[in-house]
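Student: when you get a sec, could you give me coordinates for this:
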Amino acid sequence: MEIACVMVPEAALEAVAGERKSSPEDVWEEELRRLEGIGAALESERPGEAFFAVDGLRGIYGGERSGVVQAARRAAGTAARVGVAPTRFAAFAATRSGAEVVSAEDLDEFLAHLSVSSLLPRLGLGELEAGSFVETLRRLGIGSLGTLAELAPGRVADRFGPPGLAALRIARGEEPPLRPRRPHEDLAAEIELPEGTAGSLLERALELLIDRFLAAPQRKGRTVLALRFGATLGDDGGSWSVEQGLGRPTASACSLRTVLAPRLEALPAPASMLRLRAIALGPPVGDQLELSVRGSEQRRHRLGEAVREVRSAQGAEALLKVLPVDPASRVPERRAVLTPFRP
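Tutor: Numbering: from 1, shown residues only. Here you go, the predicted structure:
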């Protein structure tokens, strides 16, 4: 089995994000979806880095590894680097070193010559803890992965614990299978803010953003498990974003407002745009069985069904309501806005 690593430098992601006035995370999400478009099942735990199995794609791209690599480069853009090796770590190291391809026959020799410092980004430790671990290895005369691979697991576990065993497995070319993410449709919404939006007006803008987000046809009635809440800051195009887990699946506008409104206080500067993107979706909202249904609840249920039918036929903007924003404003356009209607 061969694994490809696609790597895009952080500076390149930030440069594109600046041009588009978005966040590096959003830019990387677009990169991932282009790569998924070539058929790759991706594992990606951090922006700028993704892995996928090459073997299953050979038949699509001429039966050769080179065809898969070229397709990945075209999808990821000119700033991307691609390396291929039998393990995740070897592919990562090949991409960084420029080796590009490491065969199964050359794997042991390739890993043996790598410095233990190459383990730093792969141990799942904090920066200081990982640095201390590598420095301790060097002081003990273990400067390469080849030397580390020769040690007995018992001695490594006794001296370094779980991080040491993880490093030993990497040095020996032993890794668990890839854990590909589940591809999902792009569910996102954004709203531009007039200059000087703050306080209660900013909360109203968030309410409008959530209404647009939940009314998007791409949601298809599904619940939301996790979100990325972001903003474009001021006129300089800087960006800010934060990921927010919801604890349990929800499609309630009230619940989303309760969770996201406190995040507005963390904005480092006035925002010119707010964005909301789903990063994990749950199952569709299920109907709850009730022993008795009062008239008002039954009417609300039927109204909700009618709204979904109209939107499926006419689009998300087919049914709107008036949302008061700044009733005292002298500018008519700022007194109220239209937002998707939710029963």
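Student: my read: E243 touches A226, true?
Tutor: Yes - shown here, E243 and A226 form a contact pair, counting by C-beta atoms under 8 Å, at 6.5 Å. Placement of C-beta: from N, CA and C, glycine included.
Student: what do the two both touch?
Tutor: I279 (C-beta atoms under 8 Å, 6 or more residues apart in numbering).
Student: isn't E2 right up against R58?
Tutor: No - in this structure, E2 is not within contact of R58 by C-beta under 8 Å, at 9.1 Å.
Student: who touches both of these two?
Tutor: Common neighbours of E2 and R58 (C-beta under 8 Å, 6+ apart) are R65.
Student: please enumerate the strands of the stretch 151-300 of the chain.
Tutor: Applying DSSP state E, counting those that start in this stretch to the stretch 151-300 of the chain gives strands spanning 188-192, 222-233, 238-250, 271-284.
Student: now these as TSV including mean pLDDT?
Tutor: Formatted as TSV, the strands of the stretch 151-300 of the chain follow (pLDDT from 0 to 100):
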stretch	mean pLDDT
strand 188-192	87
strand 222-233	88
strand 238-250	86
strand 271-284	85
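Student: against A75, how distant is G37?
Tutor: 6 Å (C-beta to C-beta, to the nearest Å).
Student: and L281, how many neighbours does it have?
Tutor: 20 (other C-beta atoms under 10 Å).
Student: surely L165 and G154 touch.
Tutor: No - the criterion here is C-beta under 8 Å, and L165 misses it with G154 at 9.8 Å.
Student: neighbour count winner among those two?
Tutor: With neighbours defined as other C-beta under 10 Å, L165 and G154 compare such that L165 has more, 14 against 9.
Student: spit out the contact partners of that one.
Tutor: 153, 156-157 are the contacts of L165 under C-beta under 8 Å, 6+ apart.
Student: so which of E2 and R58 has more stuff around it?
Tutor: A side-by-side neighbour count of E2 and R58, using other C-beta under 10 Å, places E2 first with 19 against 15.
Student: rewinding a little: can you redo the contacts of L165 as TSV with pLDDT?
Tutor: Shown next, in TSV, are these (pLDDT from 0 to 100):
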residue	pLDDT
P153	91
V156	90
A157	91
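Student: for PyMOL, write the selection for the buried entries among those residues.
Tutor: Entered in PyMOL, the line below selects the buried ones among the contacts of L165, by 16 or more other C-beta atoms under 10 Å:
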select buried, resi 156
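Student: next, format the strands of the stretch 151-300 of the chain as JSON lines and append distance to R179.
Tutor: Listed next are those as JSON lines, based on distance: least, C-beta to C-beta, whole Å:
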{"stretch": "strand 188-192", "distance to R179": "24"}
{"stretch": "strand 222-233", "distance to R179": "17"}
{"stretch": "strand 238-250", "distance to R179": "18"}
{"stretch": "strand 271-284", "distance to R179": "14"}
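Student: and A94, which of those strands is closest to it?
Tutor: strand 271-284 (29.1 Å; C-beta to C-beta).
Student: okay, buried residues for the closest one please.
Tutor: So for strand 271-284, counting by 16+ other C-beta under 10 Å, buried means 271-282.
Student: could you work out the most separated pair of the residues you listed?
Tutor: Most distant of the buried residues of strand 271-284, by C-beta to C-beta, are S272 and G282, 31.4 Å apart.
Student: quick one: E14 and P24 touch, right?
Tutor: Yes - under the criterion of C-beta under 8 Å, E14 makes contact with P24 at 5.4 Å.
Student: more crowded one of the two?
Tutor: When neighbours are counted by other C-beta under 10 Å, E14 and P24 differ, and P24 comes out ahead with 21 against 16.
Student: got the contact list for the more buried one?
Tutor: P24 touches 10, 13-14, 17, 47-48, 239, counting by C-beta under 8 Å, 6+ apart.
Student: low-scoring stretches of the stretch 51-200 of the chain, by residue?
Tutor: 183-185, 196 (pLDDT under 70).
Student: the helices in it, which residues?
Tutor: Secondary structure of the stretch 51-200 of the chain (DSSP state H, counting those that start in this stretch): helices located at 65-76, 88-97, 107-112, 127-139, 145-149, 153-171, 200-215.
Student: please save the CA atoms from the shortest one in PDB.
Tutor: C-alpha atoms of helix 145-149 as PDB (Å, rounded to 0.1, in the frame of the first residue of the first chain):
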ATOM      1  CA  LEU A 145      15.400   7.100  13.700                       C
ATOM      2  CA  GLY A 146      17.600   4.100  12.800                       C
ATOM      3  CA  THR A 147      19.200   4.200  16.200                       C
ATOM      4  CA  LEU A 148      15.800   4.600  17.900                       C
ATOM      5  CA  ALA A 149      14.300   1.600  15.900                       C
END
